[in-house]
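> turn this into a structure:
(4 chains)
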2 protein chains.
Amino acid sequence: MSQARKPNPARRSERSRRAVLDAARALVSEVGYAKVSIEAIASRAGVGKQTIYRWWPSKGAVIFDSFLELSRGEDGVRLPDTGDLEADLKTVMRATVAEFADPVFEAPVRALNLEIVADPALADAYREKLAGPVDEAKKERLRSAQRAGQLAADADLDLVLEVLYAPLHQRWLHRSGPLTPEYADALVEITLRAFAP
Amino acid sequence: MSQARKPNPARRSERSRRAVLDAARALVSEVGYAKVSIEAIASRAGVGKQTIYRWWPSKGAVIFDSFLELSRGEDGVRLPDTGDLEADLKTVMRATVAEFADPVFEAPVRALNLEIVADPALADAYREKLAGPVDEAKKERLRSAQRAGQLAADADLDLVLEVLYAPLHQRWLHRSGPLTPEYADALVEITLRAFAP
DNA sequence: ACCACAAGACGAGACGTTCCGTCTCGTCTA
DNA sequence: TAGACGAGACGGAACGTCTCGTCTTGTGGT
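Residues are numbered from 1 along each chain as shown, chains lettered A, B, ... in the order given. So this is what the prediction gives:
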């Protein structure tokens, strides 16, 4: 009684896959996440609707995959390590603030967050494929700082990252305050004081 | 050319208003935010669709209002003040963690967050009507602590609240880790160390 | 190494549904 | 008596399923 007729990935058309993901990304930027429809993606991609339904379970999954595609190849993430943790973190946090302030990122990143909040499966995929590797790079820098005695040796690094990034992330998501370089610096200083050796 | 024929609020039916908000709240709990439709709300409330469209601009606004209704009368918010800031904050944070862990709050609060992220107008209303008063009560407690020398006198209280709550909020939203009483305590301890006098 | 061919993925789009937001109806009420 | 109400018809958009021919691709025989 199982309707699960599974398609054969080996015969999948790479051309169609790319066309769908490119169309999805373009449409999110143009009209916003909520107004993007599967039919519009299919039409823009020059693809049958069934081709989308065959390979993706939901609109969210398609758009999520289109973001994944963007960040492929960047897996060699590495943070600056000049030996000065505070300076390095401020550099990174200021860059993050600038990125969030960029209107080009506004629509897609907000769409990504909506998907993550609404769909636990996509939240898992996000953590594994996108956030995970980046967080690991950040933690690697923090471990280096621990060895250098610039951070408490017993600090929970996941917690350090939360304290550092969650306020920024929330302020952007809720539009509850300005994102300035000074704010980035303040978060770094606060976090370092909280987790000082 | 203005289509803005405005209805007369004085003649509004309180009975219908309550029925709509109650139906909206029930439906969000039953089927989740995404699957709730205006037609379903109208039908469940025993109300004409036009009555909803007459008084609310969007589905999000209806559901948002149904949450507002829930928290009416609680405006006398006041945090415990035993003189021991750390103990008081741990009490409050543990309660918040427990609240987030309650499955009854899961669907509605997640729906509320989706609306806030997606709609700037609702985000403003949220800050003004819901978060604002609560945050003010929290800041009042923090000011008391500043006077008692338990918190840096020049600390930015908005920032203190962000550092205290944003990690918890993000962890819940992203389902990126367990929400335990120990986690609540850790956030309080970290925050107090960061903003120590 | 080649080729023939069946399996099945493809583009296109018809189909029945659901829901949208607007619009009329009478009815009821403030 | 103006206008808010419940009910529901309406055209349109998008859903997810399905059925067409066509095109592509892995494989098995030569």
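
> let me see the domain layout of chain A.
Chain A breaks down by automatic domain parsing into domains covering A:2-69, A:74-194.

> so which of those domains gets nearest B:D102?
Of all the domains of chain A, it is domain A:74-194 that lies closest to B:D102, at 17.3 Å by CB to CB. For the C-beta atoms, the positions are set from N, CA and C on the backbone; glycine is no exception.

> for the closest one, what is the average pLDDT?
Domain A:74-194 comes out with an average pLDDT of 93.

> just confirm yes or no for that domain near chain B.
Yes: counting by CB under 8 Å from any CB of the partner chain, chain B has neighbours in domain A:74-194: A:110, A:113-114, A:116-118, A:120, A:123, A:126-127, A:131, A:156, A:158-159, A:162-163, A:166-167, A:169-171, A:173-177, A:186, A:190-191, A:193-194.

> what would the domains of chain A look like in JSON lines with mean neighbour count?
JSON lines is the format used below for the domains of chain A (neighbours: other CB atoms under 10 Å in any protein chain shown):
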{"stretch": "domain A:2-69", "mean neighbour count": "15"}
{"stretch": "domain A:74-194", "mean neighbour count": "17"}
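
> can you put the ones you listed in a markdown table and add distance to DNA strand C?
A markdown table is the format used below for those (distance: least, CB to the nearest atom of the strand, whole Å):
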| stretch | distance to DNA strand C |
| --- | --- |
| domain A:2-69 | 3 |
| domain A:74-194 | 16 |
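
> can you check the pLDDT for A:M1?
Per-residue pLDDT puts A:M1 at 34.

> cool, and A:G32?
At A:G32, the model reports a pLDDT of 89.

> please name the residues that touch the closest residue to it other than its chain neighbours.
Distances taken as CB to CB, 6 or more residues apart in numbering or on different chains place A:A107 nearest to A:G32, at 5.7 Å, with adjacent residues excluded. A:A107 makes contact with A:28-29, A:32-33 under the criterion CB atoms under 8 Å, 6 or more residues apart in numbering or on different chains.

> farthest pair within those residues?
Greatest spatial distance in the contacts of A:A107: A:S29 and A:Y33, 9.9 Å, computed using CB to CB.

> picking that back up, how near is the residue nearest to A:G32 to chain B?
As judged by CB to the nearest CB, to the nearest Å, A:A107 and chain B stand 11 Å apart.

> can you give me how far the one helix or strand A:L159 maps to is from the chain middle?
For A:L159, the element it lies in under DSSP states H and E is helix A:157-173. Relative to its chain's centre, helix A:157-173 lies at 13 Å (CA atoms, centre = their mean, to the nearest Å).

> and that helix, what does it pack onto?
helix A:85-101, helix A:132-147, helix A:181-194, helix B:157-174, helix B:181-194 (3 or more CB pairs under 8 Å, 6 or more residues apart in numbering or on different chains; DSSP states H and E).

> mind checking those helices for the one nearest to B:P57?
Taking CB to CB, helix B:157-174 is the member of these nearest to B:P57, at 25.4 Å.

> centre of the chain to the closest one, how far?
That offset, for helix B:157-174, works out to 13 Å (CA atoms, centre = their mean).

> and the pLDDT at A:F67?
Note for A:F67: predicted pLDDT of 89.

> residue contacts, it?
By CB under 8 Å, 6+ apart, the residues touching A:F67 are A:25, A:108, A:112, A:130.

> if you skip the residues just before and after it, what's nearest to the last one?
Computed as CB to CB, 6+ apart, the closest residue to A:L130 that is not its neighbour in sequence is A:S71, at 6.2 Å.

> distance check, that neighbour against A:V109.
Using CB to CB, to the nearest Å, A:S71 is found at 12 Å from A:V109.

> next: A:Y165.
To A:V109, A:Y165 is 14 Å away according to CB to CB.

> can you check A:R141 too?
A:R141 is 23 Å from A:V109, by CB to CB.

> repeat that for A:R18.
When distance is defined by CB to CB, A:R18 is 22 Å away from A:V109.

> can you check A:R44 too?
With CB to CB as the criterion, A:R44 and A:V109 are 21 Å apart.

> can you check A:Y33 too?
Taking CB to CB, one finds A:Y33 at 10 Å from A:V109.

> ok, now A:R11?
In this view, A:R11 and A:V109 are 34 Å apart by CB to CB.
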